[in-house]
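Colleague: dropping the sequence and predicted coords here.
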Amino acid sequence: MSIYLAEFLGTFFLILIGGGVVAGVVLKDSKAFGSGWNTIVVSWGLAVTFAIYGVGSISGAHINPAVTLGFAFVGEFPWAQVPWYILSQIAGAFCGAFIVWIFYIPLWSRTDDPVAKLGSFATIPAIRSYIHNLISEIIGTAVLIFSLLFMGTTSFTEGLNPLVVGALIMVIGFALGGTTGFAINPARDLGPRLAHFLLPISGKGGSDWKYAWVPIIGPILGSFLGASCYQLFYKNDFQIRYGIVLALVAGIIISVAVSNIKSQKNKDHG
């Protein structure tokens with residue numbers, strides 16, 4: 001099997017299971033209806049685990065453009081393969097979402113809420129605030145990439161490594177996923193959002209393209225941030241590009257924090 005087919009299949013499986021669980025939880029008359037956030041987070045973690053077991057030995061099971069870009073940024077992955085990995089991941093995510101639609105065809109028409117239907121495919125913020133949503137995705141993805149890189153310095157039993165990565169996804173979801181649904185993966189959001197846009201889903205609303213840039217740009221910036229922190233703090237590799245990324249993201253976060261503090265003070269004095 002080629003490495004690109006492996007990335008396609010790994011991401012396909014990720015979305016088939018992860019997206020399938022979300023659909024089961026939010027679609028009316030599903031037996032899983034209403035089973036909640038815990039079910040979703042644990043299932044995404046397990047989907048990542050089994051995707052890694054499936055294709056990790058072939059392609060490394062990035063199954064996420066943020067992982068591919070972060071590893072390439074610090075020289076852990078060849079840039080020449082990056083575009084093909086990302087295209088394979090997006091295609092796999094789209095096809096996984098297509099099968100979710102097929103699987104749940106009897107239930108789409110029984111659910112009135114178009115937002116719930118979109119949520120079966122793409123991420124939706126709990127509170128829409130683009131800059132705060134962006135920061136959520138940056139931080140969540142930075143934790144993911146930083147953790148994946150420092151885990152590589154530790155000797156795990158080979159068969160347990162996918163379980164550890166799955167547990168990492170769950171922890172990120174529980175701790176940092178409540179604001180945006182923790183895309184932390186541009187393909188996980190873009191591929192299914194395209195599927196939602198193109199497929200004849202009964203009673204669907206818009207695909208919310210105004211928000212779609214957040215789960216793309218946020219994870220990309222987060223991947224560079226996590227990778228840069230690893231190189232700076234673990235490797236003592238003080239290259240200019242790592243400092244630039246750190247300064248850029250720190251500037252975004254500090255400016256937002258200052259803006260919110262000023263806004264709160266104005267409210268208090270008002």
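Modeller: Nice, I can see it.
Colleague: by mean pLDDT, which helix or strand of this protein comes out lowest?
Modeller: helix 240-269 (a mean of 86; mean pLDDT, DSSP states H and E).
Colleague: go through stretch 165-178 and flag the buried ones.
Modeller: Buried residues in stretch 165-178, counted by 16 or more other CB atoms under 10 Å: 165-166, 168-173, 176-177. The way it works is simple: take the backbone N, C-alpha and C, and place the C-beta from them, glycine included.
Colleague: touching, residue 76 and residue 148? I think so.
Modeller: No. Residue 76 lies out of contact with residue 148 (CB atoms under 8 Å); the separation is 9.7 Å.
Colleague: contacts for stretch 123-142 next, please.
Modeller: With CB atoms under 8 Å, 6 or more residues apart in numbering as the test, stretch 123-142 has contacts from 66, 115, 118, 172, 176-185, 188-189, 208, 211, 214-215, 217-223, 225-226, 229, 249, 252-253, 256.
Colleague: quick one: distance of that stretch to the chain centre.
Modeller: Offset of stretch 123-142 from its chain centre (CA atoms, centre = their mean, to the nearest Å): 11 Å.
Colleague: that stretch: which residues count as buried?
Modeller: 123-125, 133-142.
Colleague: re earlier: list buried residues within the contacts of stretch 123-142.
Modeller: Looks like the contacts of stretch 123-142 have 66, 118, 172, 176-177, 179-185, 188-189, 208, 211, 214-215, 218-223, 225-226, 229, 249 buried, using 16+ other CB under 10 Å.
Colleague: in helices only, show me those.
Modeller: 66, 118, 172, 176, 188-189, 214-215, 218-223, 225-226, 229, 249 (DSSP state H).
Colleague: residues of stretch 31-43 that come out buried?
Modeller: The neighbour-count check on stretch 31-43 (16+ other CB under 10 Å) flags 32, 40-43 as buried.
Colleague: what's the closest of these to residue 160?
Modeller: Lowest distance from residue 160 to those (CB to CB) belongs to residue 42, with 17.8 Å.
Colleague: the closest one - nearest residue in space that isn't next to it in sequence?
Modeller: residue 170 (5.9 Å; CB to CB, 6 or more residues apart in numbering).
Colleague: distance of that neighbour from residue 184?
Modeller: Here residue 170 is placed at a distance of 12 Å from residue 184 (CB to CB, to the nearest Å).
Colleague: next, the buried residues of stretch 202-210.
Modeller: Applying 16+ other CB under 10 Å to stretch 202-210 flags 204, 207-208 as buried.
Colleague: low-confidence ranges in this protein?
Modeller: Within the chain, the ranges that satisfy pLDDT under 70 run 152-159, 268-270.
Colleague: may I see the buried residues of stretch 165-178 arranged in TSV, with distance to residue 10 as well?
Modeller: Below are these laid out as TSV (distance: CB to CB, whole Å):
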residue	distance to residue 10
165	12
166	13
168	16
169	14
170	18
171	21
172	18
173	19
176	23
177	21
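Colleague: got the contact list for the closest residue to residue 62 other than its chain neighbours?
Modeller: The spatial neighbour of residue 62 that comes closest, neighbours along the chain excluded (CB to CB, 6+ apart), is residue 68 at 4.7 Å. Residues in contact with residue 68 (CB under 8 Å, 6+ apart) are 62, 77, 82, 85-86, 89.
Colleague: max pairwise distance over the buried residues of stretch 31-43: which two?
Modeller: The distance between the two most remote of those (CB to CB) is 14.1 Å, for 32 and 41.
Colleague: report the buried residues of stretch 232-239.
Modeller: residue 232.
Colleague: what lies in contact with it?
Modeller: For stretch 232-239, using CB under 8 Å, 6+ apart, the contacting residues are 74, 149-150, 153, 231, 242-243, 246.
Colleague: if you set the cut-off to 6 Å instead, what comes out?
Modeller: Residues from elsewhere that reach stretch 232-239 (CB atoms under 6 Å, 6 or more residues apart in numbering): 231, 242.
Colleague: with only the CA atoms kept, save it in PDB.
Modeller: C-alpha atoms of stretch 232-239 as PDB (Å, rounded to 0.1, in the frame of the first residue of the first chain):
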ATOM      1  CA  LEU A 232      13.000  25.700  21.500                       C
ATOM      2  CA  PHE A 233      12.500  24.000  24.900                       C
ATOM      3  CA  TYR A 234      13.400  20.400  24.300                       C
ATOM      4  CA  LYS A 235      16.000  20.700  21.500                       C
ATOM      5  CA  ASN A 236      17.500  24.100  22.500                       C
ATOM      6  CA  ASP A 237      17.200  24.900  18.700                       C
ATOM      7  CA  PHE A 238      17.000  28.700  18.600                       C
ATOM      8  CA  GLN A 239      16.200  29.200  14.900                       C
END
